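In: just to be clear, the model below is a prediction. Sequence and coordinates:
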Amino acid sequence: MKQKLPVLFPLLLLVLFLIFPQDAQNGAKAGLLLWFNQVLPALWPCMILSQLFLRSGIWNTAEGKDNTATGKFSHLSVYGWYIALLGLLCGIPMGARMVHDFLIRNKIRKKEACFLLTFCCQLSPAFLIEYVYADTFPSSRMRCILLLSYYMSVFLMWFAGRWIFSDKRKKASETAPCCAACDSGDKTKKEVSKTFCLSENLDTSIMNSLDTLMRIGGYILLFSVLAAVLQRLIRLSAIHSGVLVALLEITTGIGQLKLCTMPALLKGIVINSLCAFGGMSSLMQVLSMLKGTGLPVRLCFIAKISQAILTGLLTGSLFLFVL
């Protein structure tokens with residue numbers, strides 16, 4: 001049965017797409033517009049600059065600086081801090097992309113990469129503030145509570161990851177490669193010369209970033225189509241339908257939930273928890289970025305599900321005690 005499932009699942013999806021062609025087409029259009037209007041302008045410049053920065057060699061000056069007081073407290077190297085900040089500010093899947101790039105170049109070890117994956121793959125603050133909270137919750141106090149509870153859950157995930165990987169993090173003298181791709185580098189990408197050449201490295205950074213963005217677009221389009229077909233196939237209320245779609249593709253689902261009529265407190269808890277989970281489309285994008293690293297797939301799922309539960313509890317608690 002396990003061998004037949006990988007074949008039956010795409011076959012079933014193909015049949016559903018053929019049965020509901022109009023819904024599949026509408027979902028594809030929505031996913032394509034989402035990718036073009038929001039994901040591409042937000043991520044592409046950041047990806048190009050990050051890859052160019054990584055290839056510039058400037059990081060060589062940071063070697064051996066992961067035992068500072070800050071590093072001992074956070075269990076993050078200098079590279080780890082850069083990945084964490086970029087992942088938190090730029091949004092999914094930028095954190096996972098940087099974990100991949102730094103890991104295959106032996107800038108971070110596998111244990112630190114696992115630690116980073118417990119908290120660095122988040123929706124960007126700009127997306128949360130401008131798209132999720134701004135039009136949905138008119139009260140500035142409620143928006144502050146939602147944002148605070150979201151990032152409190154991120155902090156708790158960091159703290160839990162720090163505790164889980166703390167004993168293993170002490171072996172800082174290990175020099176063995178972290179994954180199978182570490183020795184040879186990322187051979188699926190365009191190679192660059194050892195001496196830094198701006199034009200050559202800029203060209204490589206642009207092409208590699210485009211490859212990443214095309215994969216992200218493919219996942220967004222596929223899950224948008226799947227969400228549209230499931231909505232036609234399964235008749236649900238507006239709220240349940242919005243939750244189902246958000247579990248598949250977060251942006252489309254949140255857009256539907258924003259239009260639903262429900263108590264503001266309940267809406268805040270539901271939307272904040274779904275944002276913490278990120279949707280299956282975002283998770284698949286993260287897993288796609290980690291291809292070839294050998295990092296455990298289940299870690300990402302466990303981390304996002306745990307964060308969704310934590311965010312719901314924190315949001316509800318702050319609503320009760322602050323509002």
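Out: Cool, got the structure.
In: contacts, neighbours, all on C-alpha from now
Out: Fine.
In: ok, and what's touching the strand or helix carrying L156?
Out: Element membership of L156 [criterion: DSSP states H and E] is helix 140-164. For helix 140-164, the surrounding residues in contact (Cα atoms under 8 Å, 6 or more residues apart in numbering) are 74-75, 115-116, 118-119, 128-129, 133-134, 137, 268, 272, 276, 303, 307, 310-311, 314-315, 318-319, 323.
In: cool, stretch 17-37 as well?
Out: For stretch 17-37, contacts defined as Cα under 8 Å, 6+ apart pick out 217, 220-229, 232.
In: take these and write them to a markdown table, including pLDDT.
Out: What follows is the contacts of stretch 17-37, written out as a markdown table (pLDDT from 0 to 100):
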| residue | pLDDT |
| --- | --- |
| G217 | 86 |
| I220 | 87 |
| L221 | 89 |
| L222 | 88 |
| F223 | 89 |
| S224 | 88 |
| V225 | 89 |
| L226 | 88 |
| A227 | 87 |
| A228 | 86 |
| V229 | 87 |
| R232 | 84 |
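In: restricted to buried residues, select the residues you listed in ChimeraX.
Out: Applied in ChimeraX, the following selects the buried portion of the contacts of stretch 17-37 according to 16 or more other Cα atoms under 10 Å:
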select :217,220,221,222,223,224,225,226,227,228,229
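In: and the helix or strand hosting S317, what does it pack against?
Out: Using DSSP H and E, S317 sits in helix 297-322. Here helix 297-322 touches helix 110-117, helix 140-164, helix 264-277, helix 279-289, going by 3 or more Cα pairs under 8 Å, 6 or more residues apart in numbering; DSSP states H and E.
In: at the geometric centre of the protein, which residue sits there?
Out: Nearest to the mean C-alpha position of the chain, by Cα atoms, centre = their mean, lies I92 at 2.9 Å.
In: contacts only, for that residue.
Out: 121-124, 282, 285-286 are the contacts of I92 under Cα under 8 Å, 6+ apart.
In: most neighbours out of those, which is it?
Out: Ranked by the number of neighbours (other Cα atoms under 10 Å), those place C121 first, at 32 neighbours.
In: confirm for me that that residue is in contact with L89.
Out: No. Using Cα atoms under 8 Å, C121 is not in contact with L89, being 9.9 Å away.
In: host element of the closest residue to S241 other than its chain neighbours?
Out: Nearest residue to S241, sequence neighbours excluded (Cα to Cα, 6 or more residues apart in numbering): Q231, at 6.6 Å. Here Q231 sits within helix 198-233, counting by DSSP H and E.
In: list the buried ones in the next helix or strand after that helix?
Out: Proceeding N to C from helix 198-233, the next assigned helix or strand is helix 238-248, under DSSP H and E. By neighbour count with 16+ other Cα under 10 Å, helix 238-248 contains the buried residues 239, 241-248.
In: export these as JSON lines, with columns for distance to L12 and pLDDT.
Out: Formatted as JSON lines, these follow (distance: Cα to Cα, whole Å; pLDDT from 0 to 100):
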{"residue": "I239", "distance to L12": "26", "pLDDT": "89"}
{"residue": "S241", "distance to L12": "21", "pLDDT": "89"}
{"residue": "G242", "distance to L12": "23", "pLDDT": "89"}
{"residue": "V243", "distance to L12": "22", "pLDDT": "92"}
{"residue": "L244", "distance to L12": "19", "pLDDT": "91"}
{"residue": "V245", "distance to L12": "19", "pLDDT": "90"}
{"residue": "A246", "distance to L12": "21", "pLDDT": "91"}
{"residue": "L247", "distance to L12": "20", "pLDDT": "93"}
{"residue": "L248", "distance to L12": "17", "pLDDT": "91"}
